[in-house]
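Enquirer: here are the coordinates; sequence isn't available:
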DNA sequence: TTTCGTCGTTGAAAGGTTTCAACTACGGTT
DNA sequence: AACCGTAGTTGAAACCTTTCAACGACGAAA
């Protein structure tokens, strides 16, 4: 089934021959069934079933000049925040029958570039990206070629591409203000690398609050990644400082880091939140079920995904659509790790 | 850049014209550079850069008859176990320059079928799948068409397709034996739907241990899904039983369920592990950082992904390669949720 | 009877890449 | 001087789908 006696795959041509119609008719049955006499249609469909014919997408794309699918490059598939966003995107796209091709840059500019190559060669109709490296020129080129581009969880600065982001500076302020309100004075911000805009903005927001609050100060512990391992390593650094110099509050750039920090600190006998308060960022599902339930700054992730997909579909439909710059607001979630 | 003055995309033909060579030579530069005089090669490459030419993958695939990419259908992207496996696969594939197209069935046979359609139309060269529905006929058809198929985290029963799995029955035995060794007698197994082989085998393993241990018994609490929400709901059911009838140990079919159960029980004031011991399955990263660190049965996930990718590459290279049936062994990880 | 419209069907053309048999040019042999 | 072999290059053919101008058949209108 699906293979002709001569060993070749079944094509529309074979179907046409077997059904005794022209290949144009077969194509019509597939794409504009209402143009075809019901009797013919049924017959052709029967033959298609018998022969096990399956459309060759490469040929279809070649003809159409563009791939129906949408590409998405996420920063880290192992971070539930991004899979939740991707889920939101996929839900919306699948309503429109468009497949999503997911690429994982893992915060590596080289891998990001590889996926951009792939998507460019594939002529995807749209691209969703949370950029790592210097990709603006590539994005411009893609757009010139007719690929819709929407930036996710980041703003480009230039008003060239639509973007859906969460206000990171506000999030940073919310987190820091909460720590200050809890009476904490020596705050450490853990995250990195500092080139990442998310990191920069969250840090900036926190800095604003500290600047406006006499008697408080902020230190920056840079990490090479945004995962739990990096969190544990950062915690080691803080522990090495000794009890005196140690901060009394930690603001982690995301929940994975926060969970790593939390784990290492409790293991070393530091009491959370008594000795050190911890607040994370993202409010992933696991934050609530941590050893000490984690306070966090919640981002509306599914919404982020939905809006991103909608915006992309809009740009695909009308490449001249005006550039949107959606900024969603994060929200404080208080749990035990900062109680008191 | 990338667009000819006439508005069309740049093709090999345009490059050939601009470089003053034939289109066969351009293709040679791209695919067999050693066949081309260095001077010519450099010149063509320069023109390619100037014109911003990018290969059209659809045309290449059409010609080749097969897509270079590999498709993978996972059961649930929001479960870290599967993203870890996918990561293992992607790592290995990217070493061979093959992109991975990830599809998420979300344990829904309809979505699984949609992705199978997609991959079939795309003529992917290989498919990795953790099946949900009755897909054997589809898999057979794919193989007839020349697509390599490897089943992941499951065995097919028939010896038709290579599979990489972890011994679920052994895992079930390990978990149950551990609970019995801790002195627990009334064990509840939480998971489902029971049609899933993973669930069936883990349950069977547990049953074996219970049958061999006088004075113990096992009840089965079926869930509709394998996520934290289902775990919380199952916990409600157990709580409704009342203190007396309640089990003194719970074996959850995966860690997400276990975390859900744990959350709901502690919220209701049940002490873990004193009143009820809990053990999960998978040993995802978050198991260790749960409110009460979770005992679990660890599966070698990255290895699972690596071996799956290797096996698939083997089958792609030689479709007649003999069917492999790799079974990896799970391992007990004891933490606080079963201590004592 | 002729003419016109409509509906359904036809088949050639286009889309961009890769492959491969055929060709050219040129240095080396006899 | 004729011939051979090789390295480099050429361009037509094939891959499969979709589109669209053109065609045939048939019923209705003149």
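Expert: Yes, it's here. Just so you know, these numbers come straight off a predicted model, no measurement behind them.

Enquirer: pLDDT below threshold where in chain A?
Expert: Where chain A drops to pLDDT under 70, the residues are A:1-8, A:340.

Enquirer: cutoff 80 now
Expert: With pLDDT under 80 as the threshold, chain A has low-confidence stretches at A:1-8, A:156-157, A:340.

Enquirer: For it, what lies in contact range of DNA strand D?
Expert: Counting by CB under 7 Å from any atom of the strand, chain A comes close to DNA strand D at A:8-9, A:11-13, A:23-24, A:26-28, A:30-32, A:53, A:55-56, A:59-60, A:62-64. (C-beta placed from N, C-alpha, C; glycine too.)

Enquirer: Identify the residues contacting residue A:303.
Expert: By CB atoms under 8 Å, 6 or more residues apart in numbering or on different chains, residue A:303 lies in contact with A:88, A:328.

Enquirer: so what's residue A:310 up against?
Expert: Here residue A:310 is in contact with residue A:92 (CB under 8 Å, 6+ apart).

Enquirer: actually residue A:165, not the one I wrote
Expert: Applying CB under 8 Å, 6+ apart, the residues near residue A:165 are A:151, A:152, A:153, A:154, A:155, A:326, A:327, A:328.

Enquirer: Assumed it was part of a helix.
Expert: No: per DSSP: H, G, I helix; E, B strand; the rest coil, residue A:165 lies outside any helix segment and is strand.

Enquirer: Now list the buried members of the residues of chain A next to DNA strand D.
Expert: Buried subset of the residues of chain A next to DNA strand D (neighbour count, 16 or more other CB atoms under 10 Å in any protein chain shown): A:9, A:11, A:12, A:26, A:28, A:30, A:53, A:55, A:56, A:59, A:60, A:62.

Enquirer: got TSV for those, with secondary structure too?
Expert: Shown next, in TSV, are these (three-state DSSP):
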residue	secondary structure
A:9	strand
A:11	coil
A:12	helix
A:26	helix
A:28	helix
A:30	helix
A:53	coil
A:55	coil
A:56	coil
A:59	helix
A:60	helix
A:62	helix
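
Enquirer: TSV for these, including distance to residue A:332?
Expert: As requested, these are exported to TSV (distance: CB to CB, whole Å):
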residue	distance to residue A:332
A:9	58
A:11	59
A:12	58
A:26	60
A:28	58
A:30	53
A:53	57
A:55	51
A:56	52
A:59	53
A:60	49
A:62	52
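
Enquirer: So chain A: which segments form each domain?
Expert: A:12-55, A:66-166+A:301-330, A:168-299+A:332-338 (automatic domain parsing).

Enquirer: re the thing from before, can you pick out the most distant pair from the buried ones among the residues of chain A next to DNA strand D?
Expert: A:9 and A:28 (21.1 Å; CB to CB).

Enquirer: Show the contacting residues for residue A:297.
Expert: Residue A:297 sits in contact with A:171, A:174, A:175, A:279, A:280, A:281, A:282, A:283, A:330, A:331, A:332, A:333, where contact means CB under 8 Å, 6+ apart.

Enquirer: just these now: which is nearest DNA strand D?
Expert: Nearest to DNA strand D among the contacts of residue A:297 is residue A:282, at 41.6 Å by CB to the nearest atom of the strand.

Enquirer: on that earlier part again, drop the exposed ones from the contacts of residue A:297 and show what's left.
Expert: By 16+ other CB under 10 Å, these give A:171, A:174, A:175, A:279, A:280, A:281, A:282, A:283, A:330, A:332, A:333 as buried.

Enquirer: so who does the fifth one touch?
Expert: Contacts for residue A:280 were tallied using CB under 8 Å, 6+ apart; they are A:252, A:254, A:255, A:257, A:258, A:259, A:287, A:294, A:295, A:296, A:297.

Enquirer: Name the residues linked to the nearest residue to the third one once chain neighbours are set aside by a beta bridge.
Expert: Residue nearest to residue A:255 in three dimensions, not counting chain neighbours: residue A:280, with 3.9 Å by CB to CB, 6 or more residues apart in numbering or on different chains. With beta bridges defined as DSSP bridges, residue A:280 has these partners: residue A:296.

Enquirer: For DNA strand C, give me its nearest residue in the stretch 151-300 of chain A.
Expert: residue A:161 (25.2 Å).

Enquirer: number of nearby residues for that residue?
Expert: By other CB atoms under 10 Å in any protein chain shown, 22 other residues sit near residue A:161.

Enquirer: Does it touch residue A:152 like I think?
Expert: No: between residue A:161 and residue A:152 there is no contact under CB atoms under 8 Å: 10.4 Å.

Enquirer: which residues are in contact with stretch A:33-50?
Expert: By CB under 8 Å, 6+ apart, stretch A:33-50 touches A:15, A:18, A:19, A:21, A:25, A:26, A:28, A:29, A:53.

Enquirer: name the helices or strands packed onto the strand or helix carrying the second one?
Expert: What that stands for is residue A:18. In this structure, residue A:18 sits in helix A:12-19 according to DSSP states H and E. Packing partners of helix A:12-19 (3 or more CB pairs under 8 Å, 6 or more residues apart in numbering or on different chains; DSSP states H and E): helix A:23-31, helix A:38-51.

Enquirer: Now do the buried residues in the last one.
Expert: Same thing as helix A:38-51. So for helix A:38-51, counting by 16+ other CB under 10 Å, buried means A:40, A:41, A:43, A:44, A:45, A:47, A:48, A:51.
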